[in-house]
Structure formats: structure tokens, C-alpha cells
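Engineer: fold the following for me, if possible:
(chains A and B)
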Amino acid sequence: MKRKSSRAAKAAKISKPALRRTKTRKYAPRAKTAAAPKPKVAFYWCSSCGGCEEAVVDLEENILEVTAAVDIVFWPCALDFKTEDVRALPDQSLAVAFINGAVRTSEQEEMVKLLRAKSQLVIAFGACAVQGGIPSLANLKDKESIITRAYREAESVVNPKGTLPQENTTLHGESLTIPRFYETVYTLADVIPVDYYLPGCPPTRSLLEDALHAILGNRLPARGAVLAPNHSLCKTCERNATKPDRLMIQDLKRIHQVAADPESCFLAQGLLCLGPATRDGCGQACIKANMPCTGCFGPLSHFDQGAKMLSALAGIFQAEGETAADHFAASVVDPAGTFYRYGVAASLLGGRRKERSHG
Amino acid sequence: MTEFTPKIVAFVCNWCAYGGADNAGSQKLEYPAAVKLIRVMCSGRVEPEMVMQAFRQGADGVMVLGCHPGDCHYRNGNMKALRRFRLFSRLLAQFGIHQDRFVFDWVAASEGKKFQTVATRLAAAVQKLGPLSLTGYVRQGEPS
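Structural biologist: Numbering: from 1, shown residues only, chains lettered A, B, ... in the order given. Sure, this is the predicted structure:
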């Protein structure tokens, strides 16, 4: 038992000390004079749900420490600054821009390019910016079918004329232009160079705090790094101790079909948990709430999350024979949505990869 | 338009399918020159990631060939591969890659004829489908 808790403490290395540190840490003023300007920071959102904005707000009273150390000059979700204010800034005058959400529209592309020009550092914040996230599941469909579904077919839609949104509309002599909706969803790094990645749906409070401390304290790793540990979730999972030496699944179950045991390894229970193929650093919020990992932190460096998880899962499934293999294959209801829930845009097969003539 | 010559990657296991290809050769059974063999120790060693890389790097069709059930040199590597690639085929379809572009099958070391049949059938299917359009999901004219 004791061993287990020391292991857990080790696991929490990246989070717990960070929380404690923030209580006492005071940043030395950047320059000696009282009038020295504070580093400027921007937050921006693209195709996202707003959860990453919540993650910033979740800093709670610690956000006061952040605002004491930096000036937030742009944050559409919370503060009333305009695009023009950003345009007016000199290039490279922002210390860092945190950008969440995937890139789907021309407006988002324009804004992230603007922020790139104005910022010394750009951080892809959250699963959508890092790997495409939930929005990039749309890459499994084409643009036309998405628009038709959303504006004509959805059960909640009343659109008797079948009107679809147009980029340019003229009404009573006035013309209106809205941003272009791209064919595909892009990760942030597809569109602009990204300096650091903060994964997660959303990134945890402690990861964000650690990143802020690293930036302010000038203790950042080499550019291009993911600011989360490069090992799988299982390594620090408290349920790992319950995993049998030889993991075997007889039958794959879905979470709503069983009452999951709150202490034993989900995979050993026949529940699909993406822990083995997912990066650690989330603090295991889902596992602690008795929900298997769905993979929001994305893969470890240099592998394809979905391919690896598919491979691992098929490897531990026990039944042999062609019928059993078909039964197994059918038991994963939505393979792409399961193995690439947060990462179609960053996956090896990319998503928008349609047959030229055969759909 | 120049004629389309499909590129086909075949992952063949050392103990059976590679022998099958060899057997086809020694019997002078012709199979399409488009088929490029990659010998691996076991079909269970072929990760879905490798097949994805093959498609990504220009293959129009991919096949993974292993020992018949019960004949695996490593006891059950071929059965792991079977489960993997049955599920993987469904995944490929979701990503818009036609199911006829990927084949998982059994070829014994003595089955030169079967190797020829499987290879020829895949080549014909891919020929019919045309080149796989895998230029990446980043489209021309959008963010560069």
C-alpha cells in the first residue's frame, strides 16, 4: 500500500509541487525600474468548445498572480480588445500567445497568422490545437455533407427553403461577407509554426501553471516540445497494480453495459481504455471518476495513437478463429471515432483522404 | 494521360507467405511486377502503422500475408494479425480508403499458385480503382 502511494506521489510530480509552488513563488520584476513593462500575453480560440478558456479561468485566485506578472492584451472570450488592437502592436511584441482550437475557417487562419507575427512564442493549447481534437472528426466527412446535415437535415433545424450559408450575400443593396469554411480541419501547426504544445481536453490547471512558470522563469525546454511527460498514462495509473501479468480480454464491453469496478484496470475488465497509447499528464481525472481514458492527451512522441491502440487491443483479445475475429472487429462500434477521437487531423491517414472517384 | 501502374506493397511472413512467393517464382508463375515484397518474421509483427505508412508513402494497395491458421511459426502471431486487420479494414473505410485496396490472407510456403492468385486479384482491383489520392489532407489553396 505504501509502495503504491509513493508511486502515486512520483506520478503527481508534475502537478502537486507545481500547485504548492505557486503559493509562495514571486516573480522578480523583469527590470529594476518600477515602470518596466510586463510581458504581454494573448489568448485566442479557434474551432473549440470554450473548455480551454475554462481551463484558464480554473486558475482561480492564482490568475491574480499571473496578471501581476504579465499583461493580458487580447482574450476575446473574456476581455474587450479588438483585432485592431492586435494589429496595432509591433511585431514580436507579445511574449506568448496561447491558441486553442483547430483551424477551420479563413478568419481563424488570418487571426493565428496575425498572432504568430506579433508573438515571440506560440503555444498550441489543448487537444484541438495540438491534434485537431473533436472538431477534426469532421475530416472523416466532406464539407458538403457537413453543411447539408447541419442546415437541412438535423432534427432541430427548420429550413423549408433549404437555405445554406453563403460566403457572400447581398441584401437590400448591402453586401455581407462571412469567413470561408474550409474543406478540412487543420491542427494549429499545419497553419503556423508552433513553439510548444500543451495537450489535453482541456489541459489541466497544473500543466498550464507549469508552462507559465517555465515561460516567465525562462526555463523552457527545446522548441517543439510537448509540455507534458513523454510516457503513457498506464505508467502512473493507480490501477496499473491490478493489471494481470498477461492481460486478456474475452469480450469487449461498452461502458454503459457494465458497472465498472472502481479499482481494477479497465482493460482487464474488458472495457476499452486508451491509456496504453495516450500521453500522461492529465492527473487522471477520468480514471478517478471511474471512466476509461478516451485519449485526449494524444500519443507519445513519434507514434500514431489510433494505430497503436488498435494493435494493442487486437493483441490482447483472446478468441481465435475467423468468426471470433469478425466478432471482435464488430464489437468496436466506431473504430475511427474511438481510436482517433481527438486526433484525426494529426493522424497518419489524415482524415481528408478520399478516393478520387470511388468515395 | 500516361497509363496507371499501381504500386502494391506486400508484407509476407518469413515462414509461409515468403516461401509461397518464392514457390511462385520457382514454378515460373507470373504475378504483377507492381507487387513489392517486404519480408517480416511474422504477420503478427506487421503493425497497422506500417500499412498506414505504406499508403501514405505512395502505395495504391497493400497486402499482409501470413501462415494458415494453426501453422504459425510463433503459434498464434497470425491470429493476432487476423484480429488486427479485420478491425483495421473497417478503420480504413472510415478514412475513405476503399476496402479493395487492402488484403489480409493466408499463403502457405507451398502455395505459389495462391500467392499468384491473391497478388493478381489485388493488382486488378487497384488498377480498377485508380491511383490512391493521398496527397495529404492539407488541400491546395488553403493554409500553406
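
Engineer: CA only for contacts and neighbour counts going forward, please
Structural biologist: Fine.

Engineer: may I see the buried residues of stretch A:132-147?
Structural biologist: For stretch A:132-147, a neighbour-count test (16 or more other CA atoms under 10 Å in any protein chain shown) marks A:132-141, A:143 as buried.

Engineer: could you double-check that A:R239 lies in contact with A:C265?
Structural biologist: Yes: the criterion here is CA atoms under 8 Å, and A:R239 meets it with A:C265 at 5.1 Å.

Engineer: please say which of the two ends up with more neighbours.
Structural biologist: Of the pair A:R239 and A:C265, A:C265 is the one with more neighbours under other CA atoms under 10 Å in any protein chain shown, namely 24 against 17.

Engineer: now do the SS call for the residue nearest to the spatial centre of chain B.
Structural biologist: When CA atoms, centre = their mean is applied to chain B, the residue found nearest the centroid is B:M63 (1.1 Å). Using DSSP: H, G, I helix; E, B strand; the rest coil, the structure places B:M63 in strand.

Engineer: tell me the pLDDT at it?
Structural biologist: On pLDDT, B:M63 comes in at 98.

Engineer: that one pairs with what?
Structural biologist: B:M63 has these beta-bridge partners by DSSP bridges: B:A10, B:V103.

Engineer: which ones are touching it?
Structural biologist: Residues counted as contacts of B:M63 (CA atoms under 8 Å, 6 or more residues apart in numbering or on different chains) are B:8-11, B:102-105.

Engineer: A:Q284 and A:E238 touch, don't they?
Structural biologist: No: if you go by CA under 8 Å, A:Q284 and A:E238 don't touch, sitting 9.2 Å apart.

Engineer: circling back to that earlier point, and the residue nearest to the centre of chain B, how far from A:V226?
Structural biologist: B:M63 sits 35 Å away from A:V226, going by CA to CA, to the nearest Å.

Engineer: coming back round to it: and the contacts of B:M63, which is closest to B:K80?
Structural biologist: Checking these against B:K80 with CA to CA, the nearest one is B:F104 at 12.0 Å.

Engineer: burial of the closest one, as a residue count?
Structural biologist: For B:F104, the neighbour count with other CA under 10 Å is 19.

Engineer: again with B:N14
Structural biologist: Residues contacting B:N14 under the criterion other CA under 10 Å number 20.

Engineer: that one is in contact with B:R45, isn't it?
Structural biologist: No: B:N14 lies out of contact with B:R45 (CA under 8 Å); the separation is 10.9 Å.

Engineer: need the three-state assignment for B:F85.
Structural biologist: For B:F85, the assignment made with three-state DSSP gives helix.

Engineer: shouldn't it be in contact with B:V46?
Structural biologist: No: look at B:F85 against B:V46 with CA under 8 Å: they stay out of range, at 9.6 Å.

Engineer: and those two? Which one has more around it.
Structural biologist: Counted by other CA under 10 Å, B:F85 and B:V46 do not tie: B:F85 has more neighbours, with 29 against 23.

Engineer: and the pLDDT for A:K10?
Structural biologist: 48.

Engineer: A:K26 now?
Structural biologist: Here, the pLDDT recorded for A:K26 equals 49.

Engineer: ok, the residue nearest to the centre of chain B to B:L122 distance?
Structural biologist: When distance is defined by CA to CA, B:M63 is 8 Å away from B:L122.

Engineer: what does B:A109 give?
Structural biologist: To B:L122, B:A109 is 20 Å away according to CA to CA.

Engineer: which residues of the stretch 201-350 of chain A lie near chain B?
Structural biologist: A:304, A:307-308, A:310-311, A:314-315, A:320-322, A:325-326, A:328-330, A:332, A:335-336, A:345, A:348-350 (CA under 8 Å from any CA of the partner chain).

Engineer: among the residues you listed, name the buried ones.
Structural biologist: By neighbour count, with 16+ other CA under 10 Å, these hold A:304, A:307-308, A:310-311, A:314-315, A:320, A:325, A:328-329, A:332, A:335-336, A:345, A:348-350 as buried.

Engineer: all strands for the stretch 51-200 of chain A, in order.
Structural biologist: A:71-74, A:94-100, A:103-105, A:119-125, A:168-171, A:174-177, A:181-186, A:196-198 (DSSP state E, counting those that start in this stretch).

Engineer: for the first one, name the packing helices and strands.
Structural biologist: Here strand A:71-74 touches strand A:40-45, going by 3 or more CA pairs under 8 Å, 6 or more residues apart in numbering or on different chains; DSSP states H and E.

Engineer: which neighbours does the strand it packs on have in its sheet, and in what orientation?
Structural biologist: Applying DSSP bridges, strand A:40-45 is found paired with strand A:71-74 (parallel), strand A:94-100 (parallel).

Engineer: and the ones you listed, which is most packed in?
Structural biologist: Mean neighbour count (mean count of other CA atoms under 10 Å in any protein chain shown) peaks for strand A:94-100 among the strands paired with strand A:40-45, with a mean of 25.

Engineer: could you check the angle that one makes with strand A:119-125?
Structural biologist: Angle of strand A:94-100 versus strand A:119-125, following axes from the mean of the first three to the mean of the last three CA atoms, to 10 degrees, is 20 degrees.

Engineer: so which of the contacts of B:M63 is the closest to A:V157?
Structural biologist: If you rank those by distance to A:V157 using CA to CA, B:F102 comes first, at 39.4 Å.

Engineer: which residues touch the closest one?
Structural biologist: Counting by CA under 8 Å, 6+ apart, B:F102 makes contact with B:61-63, B:89, B:122.

Engineer: farthest-separated two in those residues?
Structural biologist: Maximum distance among these (CA to CA): 14.6 Å, for B:S89 and B:L122.

Engineer: could you dump the contacts of B:M63 into a markdown table with pLDDT and distance to A:V112 added?
Structural biologist: Output for the contacts of B:M63, formatted as a markdown table (pLDDT from 0 to 100; distance: CA to CA, whole Å):
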| residue | pLDDT | distance to A:V112 |
| --- | --- | --- |
| B:I8 | 97 | 40 |
| B:V9 | 98 | 40 |
| B:A10 | 98 | 43 |
| B:F11 | 98 | 43 |
| B:F102 | 97 | 39 |
| B:V103 | 97 | 42 |
| B:F104 | 97 | 44 |
| B:D105 | 97 | 48 |
